[in-house]
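**Q** I'll drop the sequence and a predicted model, then ask my questions.
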Amino acid sequence: MEGLPPRDALFSRNVRDSLRRADACEPSDPASSVTDRLNNLLKNSGEGYVLQLCPQETYLIQAPIVFTSPNQEISTAGYPTDDSRAILLVSGPVFPNRTGHTTAVDGTCATCSNVILRNIQIDGARGSSTPVIGGANIEMGGNNKNQTIEFVRSFNPRAWSCLHMSEGSLSCDRAVVQNNDIGPCGTDSFQQWADGISISCQNTMVRNNMVQGPTDGGIVLFGAPGSQVYNNTIWILNHTLLGGINMVDYEPWSGNYAGTTVYNNTILGGFANEDLSNSPDGLNAEHAIIKIGIAIGPRTWFGDKFKNNVSKSGTVHDNLLSGAFSYGIAITSAINFTVQDNSFFGNSSFISARGPNCTKSDIVPKPAEFIIQSNTTSSMSISSNFVNIADGDSLTCVLPPNGGDFWPFGLNPSNASFTPPTGSPGSPSPNSGTPGSSNGSNAARNGAIAGGVIIALLLCGLAAWLIRKYILRSKRESQVFSKIDN
């Protein structure tokens with residue numbers, strides 16, 4: 001027909017229009033329609049669609065925002081990495097039976113391979129309420145491959161975790177969880193806990209994440225065979241954390257941790273936040289500790305729930321710990337694990353008291369750096385500084401001492417000038433704020449620099465306290481704690 005532009009011109013115009021629509025951010029107002037608008041865009045725009053949210057806007061969502069097709073992305077326009085990232089605020093109803101809206105983003109659809117969640121914030125809006133039965137702030141994984149979560153802040157989940165990468169029918173594969181800032185997650189009241197990062201997808205890369213204030217597990221590996229967990233920093237402030245990195249879950253992978261390696265992570269327990277004159281240590285107003293820095297084997301966590309089942313074939317090496325713990329690394333019911341070259345640095349205390357959930361038959365081991373119940377393990381390669389214990393069941397039953405100047409002085413990313421680790425393969429550049437790539441050597445170098453920054457800050461900040469402790473060292477009896485200062 002006359003007057004119509006050439007077909008190629010129409011195609012080019014359609015492409016340009018599509019790109020403009022993808023580049024323009026979708027506003028948060030009107031709030032009454034925002035959930036449906038966001039979900040309809042993902043549903044109707046198909047494969048490869050990029051849903052851009054607007055910087056510095058809060059989206060009051062009433063239900064999860066759901067990926068629907070491969071290669072889709074949800075992000076903030078301009079890819080900021082600071083507080084200007086758009087916020088998805090979980091705002092749906094919660095019912096009297098404690099069910100209701102808990103998840104902000106869901107990427108578990110049957111066709112959700114290669115989807116990306118990046119450069120946004122997710123507020124679960126739990127507040128002071130008790131947990132809600134439901135999914136994590138972020139639910140990804142399922143029967144998919146090559147999903148990515150990066151430069152996301154996730155905090156205050158209504159349910160059990162800030163971020164969950166699920167296994168599907170044991171077919172989830174090759175996810176990447178990197179450069180996120182996670183927490184706080186849950187509270188330390190009994191059964192009010194929440195994980196920071198929960199991983200069940202095999203061959204997942206978990207790296208360069210900052211996890212502050214989780215209360216159940218900082219990073220929990222549900223088997224997730226083949227996964228690599230490295231260059232992450234986990235620390236606490238006001239709440240006790242049950243476990244820094246957990247390799248205790250028998251389900252859903254039947255205890256299979258083959259190829260799962262945990263290395264070059266930094267785990268920081270409680271530090272003193274009140275000074276006492278004439279004392280080498282201080283008080284912690286919230287009595288906050290990490291009960292187990294790295295936990296291995298189901299009996300460590302669950303007692304005899306899984307009978308003689310074990311965690312198998314994982315590797316844990318070259319992790320750094322500092323601060324107040326009950327146990328640095330605790331191992332029970334494990335086979336063919338390698339646990340080598342993990343160490344404490346700076347000031348550390350090992351403190352606990354028997355809690356009301358410790359059964360009368362439990363022989364609660366004395367707090368220590370590294371413990372193993374060797375008669376429940378076999379074919380282990382462990383460093384020589386592990387102490388054998390008689391009973392390692394349900395070690396999280398212990399409690400921190402109720403007061404006392406038992407907490408060491410030290411620094412963490414929340415009370416010192418600190419730059420989180422940034423930059424890794426396939427991640428957006430934090431400098432440009434746009435998606436890009438860097439090679440593996442850059443990631444390793446950045447991770448090493450981040451680790452060096454942590455160590456330098458702690459050593460410099462603690463040098464004065466080490467001298468002070470030497471001068472003021474005094475003898476005092478202790479029946480509920482032991483302490484090591486490095």
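**A** On my side now, so go ahead.
**Q** show me where the stretch 251-400 of the chain has helices.
**A** 298-302 (DSSP state H, counting those that start in this stretch).
**Q** low-confidence regions, it specifically.
**A** 277-278 (pLDDT under 70).
**Q** what about 80?
**A** 275-280, 362 (pLDDT under 80).
**Q** what does the stretch 1-150 of the chain give?
**A** 1-23.
**Q** quick one: the strands in it, in order.
**A** 50-53, 58-61, 65-66, 73-76, 87-90, 105-107, 116-118, 121-123, 138-140, 148-150 (DSSP state E, counting those that start in this stretch).
**Q** quick one, strands of the stretch 301-450 of the chain?
**A** Using DSSP E, counting those that start in this stretch, strands in the stretch 301-450 of the chain cover 311-312, 315-317, 320-331, 334-335, 338-340, 343-351, 368-372, 377-378, 381-382, 387-388.
**Q** partner strands of the last one, with direction?
**A** The sheet places strand 387-388 alongside strand 368-372 (parallel), with pairing taken from DSSP bridges.
**Q** could you export the strand it pairs with as PDB, CA atoms only?
**A** The C-alpha trace of strand 368-372 is given here as PDB (Å, rounded to 0.1, in the frame of the first residue of the first chain):
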ATOM      1  CA  ALA A 368      36.000 -23.100  72.700                       C
ATOM      2  CA  GLU A 369      37.400 -22.100  69.300                       C
ATOM      3  CA  PHE A 370      37.100 -25.500  67.400                       C
ATOM      4  CA  ILE A 371      35.200 -28.600  68.600                       C
ATOM      5  CA  ILE A 372      34.400 -32.000  67.100                       C
END
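**Q** just the pLDDT for Ile449.
**A** On the pLDDT scale, Ile449 is placed at 42.
**Q** turn the strands of the stretch 301-450 of the chain into JSON lines, including mean neighbour count.
**A** Where you see a C-beta, it was placed from the backbone N, CA and C, and this is true even at glycine. Output for these, formatted as JSON lines (neighbours: other CB atoms under 10 Å):
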{"stretch": "strand 311-312", "mean neighbour count": "28"}
{"stretch": "strand 315-317", "mean neighbour count": "20"}
{"stretch": "strand 320-331", "mean neighbour count": "28"}
{"stretch": "strand 334-335", "mean neighbour count": "23"}
{"stretch": "strand 338-340", "mean neighbour count": "18"}
{"stretch": "strand 343-351", "mean neighbour count": "22"}
{"stretch": "strand 368-372", "mean neighbour count": "22"}
{"stretch": "strand 377-378", "mean neighbour count": "16"}
{"stretch": "strand 381-382", "mean neighbour count": "16"}
{"stretch": "strand 387-388", "mean neighbour count": "12"}
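**Q** turn those strands into a markdown table, including distance to Ser198.
**A** Listed next are those as a markdown table, based on distance: least, CB to CB, whole Å:
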| stretch | distance to Ser198 |
| --- | --- |
| strand 311-312 | 16 |
| strand 315-317 | 18 |
| strand 320-331 | 20 |
| strand 334-335 | 20 |
| strand 338-340 | 22 |
| strand 343-351 | 26 |
| strand 368-372 | 25 |
| strand 377-378 | 25 |
| strand 381-382 | 26 |
| strand 387-388 | 30 |
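**Q** now for those, which one comes closest to Pro280?
**A** Taking CB to CB, strand 343-351 is the member of these nearest to Pro280, at 9.2 Å.
**Q** of the strands of the stretch 301-450 of the chain, which is nearest Tyr59?
**A** strand 320-331 (36.7 Å).
**Q** for that closest one, enumerate the helices and strands it packs against.
**A** If you count contacts as 3 or more CB pairs under 8 Å, 6 or more residues apart in numbering; DSSP states H and E, strand 320-331 packs onto strand 266-268, strand 290-296, strand 343-351, strand 368-372, helix 440-472.
**Q** all helices of the stretch 1-150 of the chain, in order?
**A** 7-23, 34-45.
**Q** for the shortest one, the distance to its chain's centre please.
**A** In this case it means helix 34-45. How far helix 34-45 lies from its chain's middle: 29 Å, per CA atoms, centre = their mean, to the nearest Å.
**Q** quick revisit: for Ile290, find the nearest of the strands of the stretch 301-450 of the chain.
**A** strand 320-331 (5.0 Å).
**Q** by how many degrees do that closest one and strand 290-296 diverge?
**A** Angle between the axes of strand 320-331 and strand 290-296 is 60 degrees (criterion: axes from the mean of the first three to the mean of the last three CA atoms, to 10 degrees).
**Q** for strand 320-331, list the C-alpha coordinates in PDB.
**A** The C-alpha atoms that make up strand 320-331 are tabulated as PDB, following Å, rounded to 0.1, in the frame of the first residue of the first chain:
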ATOM      1  CA  LEU A 320      38.400 -15.600  59.700                       C
ATOM      2  CA  LEU A 321      36.500 -15.100  62.900                       C
ATOM      3  CA  SER A 322      36.600 -12.500  65.700                       C
ATOM      4  CA  GLY A 323      34.500 -11.300  68.600                       C
ATOM      5  CA  ALA A 324      32.300 -13.200  71.100                       C
ATOM      6  CA  PHE A 325      31.100 -16.800  70.200                       C
ATOM      7  CA  SER A 326      30.100 -19.900  72.100                       C
ATOM      8  CA  TYR A 327      31.900 -22.100  69.600                       C
ATOM      9  CA  GLY A 328      34.000 -21.000  66.600                       C
ATOM     10  CA  ILE A 329      33.500 -24.100  64.400                       C
ATOM     11  CA  ALA A 330      31.500 -27.100  65.700                       C
ATOM     12  CA  ILE A 331      31.400 -30.500  63.900                       C
END
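**Q** can you count the residues close to Ser129?
**A** 11 (other CB atoms under 10 Å).
**Q** Gln56 too?
**A** 12.
**Q** likewise Asp275?
**A** That count, for Asp275 with other CB under 10 Å as the rule, works out to 12.
**Q** from Leu411, how far out is it?
**A** 15 Å (CB to CB, to the nearest Å).
**Q** which parts of this protein belong to which domain?
**A** 26-159, 197-486 (automatic domain parsing).
**Q** could those go into JSON lines alongside distance to Val176?
**A** Shown next, in JSON lines, are these (distance: least, CB to CB, whole Å):
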{"stretch": "domain 26-159", "distance to Val176": "5"}
{"stretch": "domain 197-486", "distance to Val176": "5"}
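**Q** the ones you listed: which one's closest to Glu167?
**A** Per CB to CB, nearest to Glu167 of the domains of the chain: domain 197-486, 4.0 Å.
**Q** next one: that closest one to chain centre, how far?
**A** 12 Å.
**Q** try stretch 185-200
**A** 10 Å.
**Q** model confidence over that stretch, on average?
**A** 95.
**Q** send the alpha carbons of it over as PDB?
**A** Provided in PDB are the C-alpha atoms of stretch 185-200 (Å, rounded to 0.1, in the frame of the first residue of the first chain):
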ATOM      1  CA  CYS A 185      16.600 -10.500  59.500                       C
ATOM      2  CA  GLY A 186      14.400 -11.600  62.400                       C
ATOM      3  CA  THR A 187      14.900 -11.200  66.100                       C
ATOM      4  CA  ASP A 188      16.700 -13.400  68.700                       C
ATOM      5  CA  SER A 189      13.600 -14.200  70.700                       C
ATOM      6  CA  PHE A 190      12.900 -17.900  70.700                       C
ATOM      7  CA  GLN A 191      11.600 -19.100  67.300                       C
ATOM      8  CA  GLN A 192      11.400 -15.500  66.000                       C
ATOM      9  CA  TRP A 193      14.600 -16.000  64.000                       C
ATOM     10  CA  ALA A 194      15.300 -15.500  60.300                       C
ATOM     11  CA  ASP A 195      18.100 -16.400  57.900                       C
ATOM     12  CA  GLY A 196      20.200 -13.900  56.000                       C
ATOM     13  CA  ILE A 197      20.800 -15.900  52.800                       C
ATOM     14  CA  SER A 198      19.400 -19.400  52.300                       C
ATOM     15  CA  ILE A 199      20.800 -21.500  49.500                       C
ATOM     16  CA  SER A 200      19.500 -24.900  48.200                       C
END
